[in-house]
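**Q** Quick one, fold the following:
(2 chains)
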Amino acid sequence: MKQVVRVAAGQGFWGDWLEAPRRQVEGGPVDYLMLDYLAEVTMSILQKQKERDPKMGYARDFLGAMQGVLPAVLERGVKVIANAGGVNPRACAEATREVGAAGGANGRLTIGVVTGDDLLPRLDELIEAGHPLVNMETGQPLSAVRDRVLSANAYIGSTPIVEALARGANVVITGRSTDTALTMAPLRHEFGWGATDWDKLAAGIIAGHIIECGAQCSGGNCLYDWRSIPHLADVGFPIVEASPDGSFVVTKHPGTGGRVSRQTVAEQLVYEMGDPHAYITPDVVADFTTIRLEDAGEDRVRVHGIRGAAATDKLKVSIAYRAGFKAVGTLVYSWPEAFDKARVADAVLRERLDRLGLRFDRVLTEFVGANATHGPLAGPPSPDLPEVTLRFGVRSGDRAAVERFTREIAPLVLTGPPSVTGFAGGRPKVEEIVAYWPALVDKAVVQTKVEVLS
Amino acid sequence: MSAAGTVRVRLLDVAHARSGDKGDTANVGVIALRPEWYPLLERELTRDRVAAHFRGLITGGVDRFELPNLGALNFLLHGALDGGGTLSLKTDAQGKVFSTALLRMVLDVDAAEARRLGLPLASGGAAAGR
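**A** So this is what the prediction gives:
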């Protein structure tokens, strides 16, 4: 058994730095490259793409990443694990195989494909069988929006990825695997952790949580002493060096920018945290109050002491549904009295919308530069602000009302308060809202499947 | 104005923070800049105090969790994101800067305690004259 397994993070979301995957495999020794592409609403975007073209529906960025890292996979045995499959892991695998063939893989790519998370074709069957898929936030049953559902995927855990690795895959492509399972699975595979080694599984999950947002644990978006963080232009993405006992070191390649310290890791640990005693995943319930962080040299933080508890018998389901339309328009007002001008423009716009009799579920005005993000905590805006952006948004089930709103921004330039600019972008765009519906389902109803293509 | 025998300490000077979202809830993790300052945060940043701080900015309640192992507190601010996710019309639909909004808080701390802990004071300088 290896005594140290290195898992490198190469993408923290779909749209992350394109250079990162290649830099991670070329910057020093790594055993696994972990690429996380899926955020909550990503699946619905991919589902729309698949409806237009049955060969689509996965994160296409992954193919570029594979091109960049292919030599490391073929020549140095680096393995790649990615949830790039989206709603079409099979098509993603086929496209990856083509990237391999074009890059001279000659049969040296063995691609594991994990499926079974897609519940969209089974929704009616599940509801019929007594799984109401109640919204975890609102308590409503899914039947309330059933006819507007675009995608439905169970968050699946590490087990099918471990199986793919055991069957010889050097590239594993999944659909809606949890972000954390992508890191934990190779550790479970290499160290032979059992499905009830709760403490070790929890450690692997927390390792995954630390690196799943890429550079956000290695100096990116770090508030602590932010000015002193070196060379972010060249930021090093994180690497976990894991040991069989479940302890691990978070680090990055030597010579890269950014920083790994107790503070950069702690900031990432609390990111998107709920109850720290119970971080629930399909594999284990991890307890963040047991984590110990220790300095272990420059850009090295040792993490140990982690405890976990038995997994629950549920899986979380990520459902996306059509929820109306929205549009946001902006105009910029300049000194003097920029804030007051923007406020008058807001009042004019609201009066005109009222007179048109347009019905919106929500209208929101923000004054960017004055108080958009901190609200009343920002205090009264200075009359000397150099400029303020009026940002005006509407939401409605009625597309026509939102369309009509988009025609009311530009007229303010010649019919509203003075010193206005920043309208060159043209009319605001009407966007269809795809909203998120989190639910739980019994684990027993989700069967994952692993295929290995070589 | 602070009460007699107390000094004003900006949370920004004794803690760092990061925030994120889950649906219409923003979470703010606030971390003591020094381990010995964590008990001060635990005592001063009560659920009620944080709820009062965010009045007008959130529509729901506040939960608090303690992580003494990280010198950190985690707050859940419900109804913070105008519906959350893609429904939200807010610039900060994902609650990314509720962290710095919390750090605007100013604490009134007993002057002797502030000296003992070496807390930086809101008016500049440190209580212990470091």
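
**Q** What ranges in chain B fall below the confidence cut-off?
**A** B:1-4, B:124-130 (pLDDT under 70).

**Q** Can you report how many residues neighbour the residue lying closest to B:R47 once chain neighbours are set aside?
**A** Computed as CB to CB, 6 or more residues apart in numbering or on different chains, the closest residue to B:R47 that is not its neighbour in sequence is B:R64, at 4.6 Å. Every residue, glycine included, has its C-beta placed from N, CA and C. By the criterion of other CB atoms under 10 Å in any protein chain shown, B:R64 has 16 neighbours.

**Q** what do you get for the one 5 residues further on?
**A** For B:N69, the count of nearby residues is 18 (other CB under 10 Å).

**Q** got it, and A:A102?
**A** By other CB under 10 Å, 10 other residues sit near A:A102.

**Q** just A:Q140 next, same as before
**A** Should you count by other CB under 10 Å, A:Q140 turns out to have 14 residues around it.

**Q** What of A:S44?
**A** Tallying neighbours of A:S44 according to other CB under 10 Å, which is how burial is gauged here, yields 24.

**Q** May I ask you to confirm that it is in contact with A:S151?
**A** Yes. Because the distance of 4.8 Å satisfies CB atoms under 8 Å, A:S44 is recorded as touching A:S151.

**Q** Need the residues touching each of those two.
**A** Any residue near both A:S44 and A:S151 by CB atoms under 8 Å, 6 or more residues apart in numbering or on different chains counts here, and that gives A:A320.

**Q** Each with direction, which strands does the helix or strand containing the residue nearest to B:R47 pair with?
**A** In the assignment (DSSP states H and E), B:R64 maps to strand B:62-67. Taking DSSP bridges as the criterion, strand B:62-67 forms sheet pairs with strand B:72-77 (antiparallel).

**Q** How about the residues of the stretch 251-400 of chain A by chain B?
**A** By CB under 8 Å from any CB of the partner chain, the part of the stretch 251-400 of chain A that sits against chain B consists of A:263, A:266-277, A:288-293, A:305, A:323, A:326, A:328, A:362, A:364, A:366, A:368, A:372-377, A:391, A:393-395.

**Q** Only the buried members of those: can you turn that into a ChimeraX selection?
**A** Written as a ChimeraX command, the selection of buried residues from these, which uses 16 or more other CB atoms under 10 Å in any protein chain shown, is:
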select /A:263,266,267,268,269,270,271,272,273,274,276,288,289,290,291,293,323,326,328,364,366,368,372,373,374,377,391,393,394,395
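
**Q** Give me the subset of the residues of the stretch 251-400 of chain A next to chain B lying in strands.
**A** When DSSP state E is applied, these are split such that A:292-293, A:323, A:326, A:328, A:362, A:364, A:366, A:368, A:391, A:393-395 fall in strands.

**Q** For chain A, what's the nearest residue on chain B?
**A** Closest approach between chain B and chain A, counting by CB to the nearest CB: B:G29, at 2.3 Å.

**Q** Quick check: that residue is in a strand.
**A** Yes. Under DSSP: H, G, I helix; E, B strand; the rest coil, B:G29 falls within a strand.

**Q** Quick check, A:I156 in contact with A:R176.
**A** Yes. With contact taken as CB under 8 Å, A:I156 and A:R176 are classed as touching, separated by 6.6 Å.

**Q** joint contacts of those two?
**A** Taking CB under 8 Å, 6+ apart as the criterion, A:I156 and A:R176 both touch A:D117.

**Q** now do the same end-to-end measure for stretch A:172-182.
**A** From the first residue to the last, stretch A:172-182 extends over 9 Å; the measure is CA to CA, to the nearest Å.

**Q** near chain B, anything from it?
**A** No. Contact check for stretch A:172-182 against chain B, using CB under 8 Å from any CB: none in range, with a minimum separation of 12.9 Å.

**Q** check which helix or strand covers A:M66.
**A** Take DSSP H and E as the rule and A:M66 turns out to sit in helix A:61-76.

**Q** and the helix or strand hosting A:D340 with strand A:362-368, angle?
**A** Applying DSSP H and E as the criterion places A:D340 in helix A:338-356. Between the direction of helix A:338-356 and that of strand A:362-368, the angle (axes from the mean of the first three to the mean of the last three CA atoms, to 10 degrees) works out to 160 degrees.

**Q** how about the residues of the stretch 101-250 of chain A near chain B?
**A** Residues of the stretch 101-250 of chain A lying close to chain B by CB under 8 Å from any CB are A:137, A:221, A:223-224.

**Q** which one among the residues you listed gets closest to B:D82?
**A** For these, the residue nearest B:D82 by CB to CB is A:E137; the value is 14.0 Å.

**Q** close enough to count as contact, the closest one and B:D21?
**A** No. Taking CB under 8 Å as the contact criterion, A:E137 and B:D21 are not neighbours in contact, 11.9 Å apart.

**Q** These two: who's more crowded?
**A** Per other CB under 10 Å, whichever of A:E137 and B:D21 has more neighbours is B:D21, with 23 against 16.

**Q** Look up how far A:R22 lies from that one.
**A** Plainly put, B:D21 is 31 Å away from A:R22 if you go by CB to CB, to the nearest Å.

**Q** just to revisit the earlier point, partners of the residue nearest to B:R47 in the sheet?
**A** B:F75.

**Q** residues contacting the residue of chain B closest to chain A?
**A** A:267, A:269-271, A:273, B:17-19, B:67, B:72-75, B:99.
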